[in-house]
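K.L.:
Below is the sequence, then the predicted model.
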Amino acid sequence: MSFTSRCSRVGRSLLGAVNTSTFGILRASHDAVAGSNFSNVLFQQQRTFIQMRTNLKVADNSGAKKVMCIQVLKGRKKGAVLGDMIVASVKEAFPRGKVKKGEVVYGIVVRAAMKHGRCDGSEIMFDENAVVLVNKQGEPIGTRISGPVPYELRRKHVKILSLADSIV
Amino acid sequence: MGSKLLATHSIFWITSTLQAPHNQNLSVSIPTHSRCVRRNMPSIRTGNRVALRAVDGAEGSSVEIEDEKVEDTVEEVKPLRKPIIKLGDVMGILNKRAVDAAESERPVPDIRTGDIVEIKLEVPENRRRASIYKGIVMSRQNAGIHTTIRIRRIIAGIGVEIVFPLYSPNIKELKVVKHRKVRRARLYYLRDKLPRLSTFK
């Protein structure tokens, strides 16, 4: 979770919380809450692109639990969105899996917290960022996928769609 | 015998004779442009009550006018001046037209924050059976034709929020299943709450 989203959760218990230096800034702005815009920005969630250093959850049974994005392959300057391929480094893994901790893998973003617009004017956003590990060609390493998957993947990643249990 | 009176603009006839007995009502039709009436008024016995009826030949509407006080002023009603459409009204008018066109094809029920709705969506690129989305309405943003509602639901353990435009032609069915009492217009607090609160069977 990013710093800003963590702050929004803790914000309510600020006054009674144990003080640490990191939350000092927030406390000062919380006092001036009435007219100040600055405090609102910190309390709201900032949902943006998936970029370098973004931690993502792994949605399949390939053995990894958490990965961190190293590179966005789409060519988009700002970052990856739903359906893009990224290069990631495995940060946390199950003991006996197909991938080990520290490996560099490719992944397809299947759930993004940032809203993704569709052609009919609707938008979709998830509560978390998740990725499915694939090989260079785009075929998934794992055999099962957990959680919902958007139908934006229908274009290029049909295999992932067929493994998913619910398509949103 | 009735006496026929000439009238330039409309039909004129006396429905019962002038020599009627005392108590009977006489109905006389006189033209709406009644400038000629006073001159051509038949001599009516004062004892009889006369009900004059003016029949406009073209429209067939009838106006009852009292005997002596035949007003001269029943002129044609001027059509109301159309209000000038200002530049600032244009978007509002266009939006209203678009909304009316969408409503005539598929009437949209009144949806408010806190309703638990079920939406049947048919997207051409999905190509399969219409997908069903169920969830609680977190917010409603009014913007003319792009009025949207945001639906939240926990699907397979992960919270999903989808924004639907209400007047989209892709929405085949939209119905309110239940209602939950909420004291907010936007339920963004549901994101921080337990998943149990956003789960709908």
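P.N.:
Cool, the structure landed. Numbering: from 1, shown residues only, chains lettered A, B, ... in the order given.
K.L.:
From A:Ala59, how far out is the nearest residue to A:Val104 once chain neighbours are set aside?
P.N.:
With Cβ to Cβ, 6 or more residues apart in numbering or on different chains as the criterion, A:Val104 has its nearest non-adjacent residue at 5.5 Å, and that residue is A:Ser89. Heads up, the C-betas are built off the backbone N, CA and C, glycines and all. Between A:Ser89 and A:Ala59 the computed distance is 17 Å (Cβ to Cβ, to the nearest Å).
K.L.:
The residue nearest to A:Val104 falls within a strand, correct?
P.N.:
Yes. Applying DSSP: H, G, I helix; E, B strand; the rest coil, one finds A:Ser89 inside a strand.
K.L.:
how close does it sit to A:Lys65?
P.N.:
According to Cβ to Cβ, A:Ser89 and A:Lys65 sit 13 Å apart.
K.L.:
Compare A:Ser89 and A:Ala59 (neighbour count), which wins?
P.N.:
A:Ala59 (28 against 15; other Cβ atoms under 10 Å in any protein chain shown).
K.L.:
my read: that one touches A:Val134, true?
P.N.:
No. Taking contacts as Cβ atoms under 8 Å, A:Ala59 lies outside contact range of A:Val134: 11.6 Å.
K.L.:
rewinding a little: what is in contact with A:Ser89 and A:Lys65 at once?
P.N.:
By Cβ atoms under 8 Å, 6 or more residues apart in numbering or on different chains, A:Ser89 and A:Lys65 have no common neighbours.
K.L.:
need the strands for chain A, in chain order.
P.N.:
A:55-58, A:64-72, A:85-93, A:104-111, A:116-117, A:123-126, A:130-134, A:148-149, A:166-167 (DSSP state E).
K.L.:
is any part of stretch A:155-166 close to chain B?
P.N.:
Yes. For stretch A:155-166 and chain B, the contact criterion (Cβ under 8 Å from any Cβ of the partner chain) is met by A:165-166.
K.L.:
Report the contact partners of residue 125.
P.N.:
Here I'm looking at chain A. So A:Met125 contacts A:47, A:112-116, B:160-162 (Cβ under 8 Å, 6+ apart).
K.L.:
sorry, should have said chain B
P.N.:
Neighbour list for B:Glu125: A:119, A:151, A:154 [criterion: Cβ under 8 Å, 6+ apart].
K.L.:
Now rank those residues by neighbours and give me the top one.
P.N.:
A:Tyr151 (19 neighbours).
K.L.:
and the residue of chain A found nearest chain B, what pLDDT?
P.N.:
Closest contact between chain A and chain B, by Cβ to the nearest Cβ, is at A:Asp127 (3.7 Å). Looking at A:Asp127, its pLDDT is 93.
K.L.:
Report how many residues lie close to B:Ile84.
P.N.:
By other Cβ under 10 Å, 6 other residues sit near B:Ile84.
K.L.:
What's the separation between it and chain A?
P.N.:
Per Cβ to the nearest Cβ, to the nearest Å, B:Ile84 is found 33 Å from chain A.
K.L.:
can you list the residues of chain A near chain B?
P.N.:
For chain A, the residues in contact with chain B (Cβ under 8 Å from any Cβ) are A:8-9, A:45, A:111, A:115, A:118-128, A:130, A:146-148, A:151, A:154, A:165-168.
K.L.:
Now for chain A, the helix or strand with the poorest mean pLDDT.
P.N.:
The helix or strand of chain A with the poorest confidence is helix A:24-31; it has a mean of 42 (mean pLDDT, DSSP states H and E).
K.L.:
Not counting its own residues, what contacts stretch B:80-88?
P.N.:
Outside stretch B:80-88, the residues that reach it (Cβ under 8 Å, 6+ apart) are B:Ile93.
K.L.:
and the spatially most central residue of chain A, what does it touch?
P.N.:
Chain A has A:Asn129 as the residue nearest its centroid, 2.1 Å off, counting by Cα atoms, centre = their mean. By Cβ under 8 Å, 6+ apart, the contact set of A:Asn129 is A:50, A:54-57, A:109, A:111-113.
K.L.:
need the residues you listed in CSV with distance to B:Lys201 and pLDDT, can you?
P.N.:
Shown next, in CSV, are the contacts of A:Asn129 (distance: Cβ to Cβ, whole Å; pLDDT from 0 to 100):
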residue, distance to B:Lys201, pLDDT
A:Ile50, 32, 94
A:Thr54, 34, 95
A:Asn55, 32, 96
A:Leu56, 30, 96
A:Lys57, 25, 95
A:Val109, 29, 95
A:Arg111, 22, 95
A:Ala112, 26, 95
A:Ala113, 25, 94
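K.L.:
Write out the residues of chain B neighbouring chain A.
P.N.:
With Cβ under 8 Å from any Cβ as the criterion, chain B meets chain A at residues B:123, B:125-126, B:131, B:146, B:148, B:155-165, B:168, B:170, B:191-192.
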